[in-house]
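Chemist: attaching a predicted model along with its sequence, questions to come.
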Amino acid sequence: MRALVTGATGMVGRHIVERLLADGWSVGALVRDPEAAGARELTDLGVTLARGDVLDQPSFAAAAAGCDVVFHAAAEIMTRGWESYRSVNVDGTRNAISAAASAGARLLQVSSVAVYGSATRYLGEREGVKTSEELPLLPLHQRSYYARSKRDSEALVMEAHRAGRIWATAVRPDVIYGRYDRQFVPRLARAMRFGVVPLVGGGATTLAVVHASAVADGAVRAATSDAAGGRAYNLANDFDVTVREFFAYGAAGLGRSVRFLPVPLWAARGGVRAAKTLVRAATFGRMRVGGGTALDFITRDNPFTSERARAELGWAPAVRPAEGVADAFAWWRARRRRA
């Protein structure tokens with residue numbers, strides 16, 4: 001079996017590459033610069049590099065030729081303005097569909113639980129159930145640029161499958177951590193450098209996080225399961241881990257001790273409101289701070305269920321947080337020292 005992976009130098013793409021190679025696949029990667037450090041690491045693993053860009057349809061199609069599956073993991077997750085998100089995430093997915101169609105390949109899209117938006121994310125909580133793929137997707141806020149781009153791109157994939165243009169499926173991870181992380185773990189690690197970790201409400205809530213290897217496992221299983229065609233799968237809770245446990249495991253990975261500082265929920269909410277007011281005043285209303293989502297993330301239990309993936313794909317995550325979190329922080333620490 002041969003696969004093309006986009007976003008292969010990123011965390012999820014790299015884990016998908018490693019999983020495919022371990023399973024005996026022949027793997028190619030679409031990269032903008034074959035001489036970049038991340039691309040050279042892929043070459044060392046035995047990956048065939050194809051110079052191109054997800055926004056350049058001819059190069060995308062050429063790289064996909066002869067492949068059985070296209071794993072589309074490339075995405076913009078931290079940028080400004082709707083057009084930047086739309087260009088990479090929506091137009092890039094449109095090109096992924098075209099490339100898979102021209103190659104006669106299956107398409108696995110790495111989507112996101114962001115498609116649920118803030119309105120749907122905790123919808124099941126009112127009924128005492130977890131948020132599943134069966135819940136209706138309520139309208140998104142106009143400024144929820146990332147969520148809008150992921151929902152629109154997933155809709156393109158599913159419509160292409162329904163129309164018979166391609167065979168496609170999608171996986172929806174929540175916040176991903178692991179080796180090669182350039183966002184979540186690095187930010188937390190830098191915040192822990194003073195040895196004090198504020199814990200809002202005691203830190204007993206379960207985080208909406210998943211290990212990158214579990215996402216790769218679900219992606220490969222979905223792409224190779226006939227029953228997954230036209231369906232989306234939450235990959236959003238491999239193992240429960242509380243806020244306090246996550247920081248404790250991270251501290252172990254950094255080789256340091258941390259002191260937990262209890263913060264009442266009311267004080268955290270007041271701090272968020274004060275920050276919003278200050279930023280709006282300082283920028284004359286041009287910039288806003290969305291602290292509510294972040295506060296929900298650390299004070300409300302993981303709202304998602306991944307039972308569909310477990311039941312239909314046999315999704316079987318193997319890396320537990322005690323191991324995976326510590327390893328992710330240790331990898332970041334080692335990488336930072338080398339840099």
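Modeler: That came through fine.

Chemist: how about the helices in the stretch 101-250 of the chain?
Modeler: 117-121, 145-162, 184-191, 212-223, 243-254 (DSSP state H, counting those that start in this stretch).

Chemist: and for residue 112, nearest residue in space, chain neighbours not counted?
Modeler: In space, not counting the residues next to it along the chain, residue 112 is nearest to residue 150; the distance is 4.6 Å by Cβ to Cβ, 6 or more residues apart in numbering. C-beta: built from backbone N, CA, C; applies to glycine.

Chemist: list the contacts of that neighbour.
Modeler: For residue 150, the contacting residues are 75, 89, 111, 112, 114, 115, by Cβ atoms under 8 Å, 6 or more residues apart in numbering.

Chemist: for burial, what's the neighbour tally of the first one?
Modeler: The one in question is residue 75. Residue 75: 24 surrounding residues under other Cβ atoms under 10 Å.

Chemist: for the closest residue to it other than its chain neighbours, give me phi and psi.
Modeler: Spatial nearest neighbour of residue 75, chain neighbours left out: residue 89 (5.3 Å); criterion: Cβ to Cβ, 6+ apart. Note on residue 89: its backbone torsions stand at phi -80, psi -40 [degrees, to the nearest 10].

Chemist: separation between residue 128 and residue 296?
Modeler: Counting by Cβ to Cβ, to the nearest Å, the separation of residue 128 from residue 296 is 18 Å.

Chemist: among those two, which residue is more densely surrounded?
Modeler: Shown here are residue 128 and residue 296; by other Cβ under 10 Å, residue 296 has more neighbours (15 against 6).

Chemist: who touches the more buried one in this structure?
Modeler: By Cβ under 8 Å, 6+ apart, the contact set of residue 296 is 121, 122.

Chemist: where's it, which helix or strand?
Modeler: According to DSSP states H and E, residue 296 maps onto helix 291-299.

Chemist: ok so, going back, can I get the helices of the stretch 101-250 of the chain in JSON lines with mean pLDDT and distance to residue 266?
Modeler: Shown next, in JSON lines, are these (pLDDT from 0 to 100; distance: least, Cβ to Cβ, whole Å):
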{"stretch": "helix 117-121", "mean pLDDT": "91", "distance to residue 266": "21"}
{"stretch": "helix 145-162", "mean pLDDT": "98", "distance to residue 266": "28"}
{"stretch": "helix 184-191", "mean pLDDT": "94", "distance to residue 266": "22"}
{"stretch": "helix 212-223", "mean pLDDT": "98", "distance to residue 266": "35"}
{"stretch": "helix 243-254", "mean pLDDT": "97", "distance to residue 266": "17"}
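
Chemist: just name the most buried of those helices.
Modeler: Ranked by mean neighbour count under mean count of other Cβ atoms under 10 Å, these are led by helix 212-223, which reaches a mean of 26.
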